[in-house]
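K.L.:
Predicted model and sequence follow; I will ask about them next.
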Amino acid sequence: MGNHVDYLNNRKKRTTRDIILHTIKQSPQSTVEELAEAADISPVTVRHHLNALLADGHIEASSIRRKVGRPYYVYS
């Protein structure tokens, strides 16, 4: 019975990476700033998680060009 309770408790705990993935699935084309706000962490920390998710093949990044300034990335 203890294993079942542990399983249920673990299902309720969501990691930061889970939150980022969930947010991207709910809102494709998410920016780093949107993901940072959803996970309540800094954009630098979000980028760290995004790099790991990209390396594992869980998400894709697309570059969006603007008329002025550097392009930015969105994640899906």
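P.N.:
Right, received. Where do you want to start?
K.L.:
so where's this protein shaky on pLDDT?
P.N.:
For the chain, the stretches flagged by pLDDT under 70 are 1-12.
K.L.:
roughly how far apart are residue 19 and residue 71?
P.N.:
Per C-beta to C-beta, to the nearest Å, residue 19 is found 26 Å from residue 71. C-beta coordinates here come from the backbone N, C-alpha and C atoms, glycine included.
K.L.:
what's the helix or strand for the closest residue to residue 76 other than its chain neighbours?
P.N.:
Distances taken as C-beta to C-beta, 6 or more residues apart in numbering put residue 28 closest to residue 76, at 4.0 Å, once the chain neighbours are dropped. Using DSSP states H and E, residue 28 is not contained in any helix or strand.
K.L.:
so what's the most centrally placed residue in the chain up against?
P.N.:
Geometric centre of the chain, nearest residue: residue 20, 2.4 Å, by C-alpha atoms, centre = their mean. Going by C-beta atoms under 8 Å, 6 or more residues apart in numbering, residue 20 touches 35, 38, 39, 46, 49, 50, 53.
K.L.:
Am I right that the second one is in contact with residue 18?
P.N.:
No: using C-beta atoms under 8 Å, residue 38 makes no contact with residue 18, being 11.3 Å away.
K.L.:
Which one of these two is surrounded by more residues?
P.N.:
Between residue 38 and residue 18, residue 38 has the larger neighbour count (other C-beta atoms under 10 Å), namely 17 against 11.
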